[in-house]
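*Asks:* For reference, the sequence and a predicted model appear below.
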Amino acid sequence: MAEKDLTAAAPGIRRRRARFGILAVVAAVIGVSLAVRSWSDGEGTGIAPQALAADGAPARAAAAAPAPPDPVAVVNGEKISRKDLADQCIRFFGEEVLENLVNKQIILQHCKAQGVSVKKSEVDAEIARMAERFGITVERWMTMLQEERGIAPVQYASDIIWPTLALRKLAADKLEPDAVELQKAYEAKYGPSVRVRMIVCADLDKARRAHREAINNPESFGELARKFSDDPNSGSANGLVQPIRMHVGDAGIEEAAFSLQPGEISNVISVGPQHVVLLCEEHLPERGIALADVEQELTAEIRERKERQAAADVFEAIQAEAEVANVFNDPEQSSAMPGVAATINGRKITMRELGEACIERHGANVLEGLITRRIVKQAVEAQKVQIDEADLDEEIERAAESALAGETPEGERPDVQKWIDLVTEEQGISLAVYMDEVVWPSVAMKRLAGGTVEVTDEDLQKSYEANYGPRIDCLAVVLNNQRRAQEVWEMARDNPTPEYFGDLAEQYSIEAQSRTLRGRVPPIQRHGGQAVLEKEAFGLEKGEMSGVIQVGEKFVILHCLGQTKPKNIKFAEVSDMLYEDLHEKKLRTAMANMLDDLRTQAQIDNFVTGTVQTPERLSARPAQQSPPDEEDVPRAASAPRRRRQ
């Protein structure tokens, strides 16, 4: 989206974090993440304080919970109420979080009906088991979840581990292996196996050719595997694969392998889109371990393997039996049941509960957006900026024109409705949210920052030279070590030919393109953002080699192949286009800088995160209607502006 630099004002527009897919069992069981809840201190079900018990009474821990902060923030003396935050969270995440609450309530009610409980100690033990499985401490595991997935410890325990354990208990009778399953698991792990070589072909005719040659000359099977096999792993190993065991993979391959005698070759076996030929080398005996000695181990493995599907089946069954009314998404029901988000078997989830759940899951992030938007609104009011519908429509059309540039015929207006459909579907937001949280802030910041944007004649000339002027065609070696760069430079100096320079690039360059293409890099333009590199390049004559040029933390050596001819385009033909492009880029930079400046100079009391920001110089900010200090004006503003005629 063209407005992506303003998403700080609407964090919900930054597409939501991946849901709790860390544990495949939970993803398979519930299919959605569950809303953030807190833990009770007791040994009961371990449900959230804000959640209600299955009989509709408040959970006992809820009474002891401290009152949530209201207001949630104060921005330059203006309050943001908890209701404001809840409403905004619901706008972005209400549907998702409600689904989570409904699913958890379904599980909770069924647990109550079946007399199933999950103790806090069981949850703690499961978390420790998961951490141990990854070879790290619980503290490190929780930190990793928080930093990499945005899942708080309370959220992980209550909304991932608790439902997993609850469904596991509900599915307990489906997890116990029977005698047949136990025997198969024993044979798979400790029974006999067959050592084979294998040829795998994607094409049936190719597999048949390989089979014919193998039958005619069994001794060459390894060579034929290298020649015919489309599987690089077995092909490169002359067809060798891990010994084939029973009840592990494809039944057809296993049956064929165990039916072969050493030295025999199978027929062509079709396995889905692939076709396999086997050569039996040796039958390996069972491992000599009694079933009774490993029965407990195998039972645990079978239970774990069955757990995912069994829990998913249980949840699907209890979900189908539950009477759920989604009031939130039904205007008629919302009118009939004001303040209710959903009902599950008669148990109500109120809009207030939904709002609190949304705040717990997304509140800190959404509040940052509300704070930023409030700051922008205050600046707009302080500077008496007027924004009307026409301004908003113009901004949407501009965004559509930019996004659909390749689809819009020259001279025609962009398909605004198509753009709106794309952005709302892609971001999963309503048109109202898009207008309020993206379009309005973009227009507002343009108005606030627009007066500081200047495009000078010098800017236009540099842009013209960068886009249409001559460039340096060259070879380059890029290195990350100065000593090695000096060594490569000395080798190149002793043999200053393009061919040898290409050899050096292929051998030493750390940059993929120059290494693969033997030093070839895109021609270097003027004013491209690498002043030192550009100066060195444009100072070279054809056949000359540069010194070692430091660019950031890298070191570059150039070999000049010559200078390209400038494009035959006159400045007057493209000046307006260059102006528009430069103005847009500078405007975006000015908008981002001003937004950062407004945030930095705001007095912000955030009671959700417990942080306070006190500005150093309130009097210098636009929001206080005072002229900016000279040091606060973007550099471009000091140059005379070139105005379009």
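*Replies:* Cool, the structure landed. As the structure is a prediction and not an experimental result, all values here were calculated from the model.
*Asks:* Counting by contacts, list what the one helix or strand Arg599 maps to packs against.
*Replies:* According to DSSP states H and E, Arg599 maps onto helix 571-600. For helix 571-600, the packing partners by 3 or more C-beta pairs under 8 Å, 6 or more residues apart in numbering; DSSP states H and E come out as helix 351-382, helix 440-449, helix 457-468. Where C-beta positions appear, they are placed from N, C-alpha and C, glycine not excepted.
*Asks:* Asn329 is in contact with Glu95, correct?
*Replies:* Yes - taking contacts as C-beta atoms under 8 Å, Glu95 lies within contact range of Asn329: 6.7 Å.
*Asks:* can you give me the strands in this protein?
*Replies:* Using DSSP state E, the strands of the chain run over 73-75, 78-80, 193-201, 244-245, 269-271, 274-284, 324-326, 340-344, 347-350, 472-479, 549-551, 554-563, 604-606, 611-613.
*Asks:* ok, back up a step: out of Glu95 and Asn329, which sits in the busier spot?
*Replies:* The neighbour count for Glu95 versus Asn329, taken as other C-beta atoms under 10 Å, is higher for Glu95 (16 against 12).
*Asks:* Need the helices and strands packed on helix 571-600 in JSON lines (columns: mean neighbour count, distance to Asp203 and mean pLDDT).
*Replies:* Formatted as JSON lines, these follow (neighbours: other C-beta atoms under 10 Å; distance: least, C-beta to C-beta, whole Å; pLDDT from 0 to 100):
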{"stretch": "helix 351-382", "mean neighbour count": "22", "distance to Asp203": "51", "mean pLDDT": "93"}
{"stretch": "helix 440-449", "mean neighbour count": "22", "distance to Asp203": "55", "mean pLDDT": "93"}
{"stretch": "helix 457-468", "mean neighbour count": "17", "distance to Asp203": "50", "mean pLDDT": "93"}
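*Asks:* Just put those helices in TSV and tack on distance to Ala290.
*Replies:* Shown next, in TSV, are the helices and strands packed on helix 571-600 (distance: least, C-beta to C-beta, whole Å):
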stretch	distance to Ala290
helix 351-382	51
helix 440-449	71
helix 457-468	78
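*Asks:* Which one, of those helices, ends up nearest to Arg526?
*Replies:* Nearest to Arg526 among the helices and strands packed on helix 571-600 is helix 457-468; the distance by C-beta to C-beta comes to 4.8 Å.
*Asks:* Okay, now stretch 259-273: how far is its last residue from its first?
*Replies:* One end of stretch 259-273 sits 23 Å from the other (C-alpha to C-alpha, to the nearest Å).
*Asks:* which residues are in contact with it?
*Replies:* Stretch 259-273 has contacts (C-beta atoms under 8 Å, 6 or more residues apart in numbering) with 194, 196, 202, 204, 207-208, 211, 214-215, 218, 221, 250, 252-253, 256-257, 275-283.
*Asks:* mind checking how far it is from the chain centre?
*Replies:* Chain-centre distance of stretch 259-273: 44 Å, with C-alpha atoms, centre = their mean, to the nearest Å.
*Asks:* Now stretch 260-269: average pLDDT?
*Replies:* Per-residue pLDDT over stretch 260-269 has a mean of 96.
*Asks:* Could you report the separation of the residue of the chain most remote from its centre from Leu558?
*Replies:* The centre of the chain is farthest from one residue, Asn216, which by C-alpha atoms, centre = their mean lies 53.7 Å away. To Leu558, Asn216 is 59 Å away according to C-beta to C-beta, to the nearest Å.
*Asks:* list the buried ones in stretch 422-429?
*Replies:* Residues of stretch 422-429 classed as buried by neighbour count (16 or more other C-beta atoms under 10 Å): 423, 427, 429.
*Asks:* a markdown table for these, including distance to Ile244 and pLDDT?
*Replies:* Formatted as a markdown table, the buried residues of stretch 422-429 follow (distance: C-beta to C-beta, whole Å; pLDDT from 0 to 100):
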| residue | distance to Ile244 | pLDDT |
| --- | --- | --- |
| Val423 | 53 | 89 |
| Gln427 | 49 | 79 |
| Ile429 | 52 | 82 |
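*Asks:* The residues you listed in helices, which ones?
*Replies:* Cross-referencing those against helices under DSSP state H gives 423, 427.
*Asks:* of the buried residues of stretch 422-429, closest to Ala322?
*Replies:* Closest to Ala322, out of all of those and judged by C-beta to C-beta, is Ile429, at 28.9 Å.
*Asks:* For stretch 192-206, what is the distance to the chain centroid?
*Replies:* Distance of stretch 192-206 from the chain centroid (C-alpha atoms, centre = their mean) equals 38 Å.
*Asks:* Stretch 148-159 now?
*Replies:* On the basis of C-alpha atoms, centre = their mean, stretch 148-159 sits 17 Å off its chain's mean C-alpha point.
*Asks:* what's the span of that stretch, first residue to last?
*Replies:* 17 Å.
*Asks:* who's in contact with Asp415?
*Replies:* When contacts are counted by C-beta under 8 Å, 6+ apart, Asp415 touches 400, 404, 407-408.
*Asks:* possible to save those residues as TSV with distance to Ala128, pLDDT and neighbour count?
*Replies:* Output for the contacts of Asp415, formatted as TSV (distance: C-beta to C-beta, whole Å; pLDDT from 0 to 100; neighbours: other C-beta atoms under 10 Å):
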residue	distance to Ala128	pLDDT	neighbour count
Ala400	53	90	23
Leu404	53	86	15
Glu407	54	83	11
Thr408	58	81	15
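*Asks:* Of the residues you listed, which belong to helices?
*Replies:* Ala400.
*Asks:* How many neighbouring residues does Glu304 have?
*Replies:* Applying other C-beta under 10 Å, we find 12 residues neighbouring Glu304.
*Asks:* May I see the strands of the chain arranged in TSV, with distance to Gln383 and mean neighbour count as well?
*Replies:* Listed next are these as TSV, based on distance: least, C-beta to C-beta, whole Å; neighbours: other C-beta atoms under 10 Å:
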stretch	distance to Gln383	mean neighbour count
strand 73-75	17	21
strand 78-80	16	17
strand 193-201	70	23
strand 244-245	75	20
strand 269-271	71	15
strand 274-284	68	20
strand 324-326	44	16
strand 340-344	40	22
strand 347-350	41	18
strand 472-479	47	23
strand 549-551	42	15
strand 554-563	44	21
strand 604-606	20	19
strand 611-613	22	12
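*Asks:* Adding distance to Lys120, write those strands out as TSV.
*Replies:* Formatted as TSV, the strands of the chain follow (distance: least, C-beta to C-beta, whole Å):
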stretch	distance to Lys120
strand 73-75	33
strand 78-80	35
strand 193-201	45
strand 244-245	41
strand 269-271	48
strand 274-284	48
strand 324-326	28
strand 340-344	24
strand 347-350	23
strand 472-479	56
strand 549-551	56
strand 554-563	53
strand 604-606	31
strand 611-613	30
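*Asks:* Those strands: which one's closest to Gly450?
*Replies:* Of all these, it is strand 73-75 that lies closest to Gly450, at 23.7 Å by C-beta to C-beta.
*Asks:* Which neighbouring elements make contact with the closest one?
*Replies:* On a contact count with 3+ C-beta pairs under 8 Å, 6+ apart, strand 73-75 meets strand 78-80, helix 351-382, strand 604-606.
*Asks:* try it again with 6 Å
*Replies:* Strand 73-75 is packed against helix 351-382, strand 604-606, with contacts defined by 3 or more C-beta pairs under 6 Å, 6 or more residues apart in numbering; DSSP states H and E.
*Asks:* picking that back up, from Ala341, how far out is the residue farthest from the centre of the chain?
*Replies:* Separation of Asn216 from Ala341 (C-beta to C-beta) stands at 73 Å.
*Asks:* And for Ile107?
*Replies:* 18 Å.
*Asks:* thinking again about what came up before, rounded mean pLDDT for the helix holding Arg599, please.
*Replies:* The average pLDDT within helix 571-600 is 92.
*Asks:* Ok, stretch 113-126 next?
*Replies:* Stretch 113-126 shows a mean pLDDT of 92.
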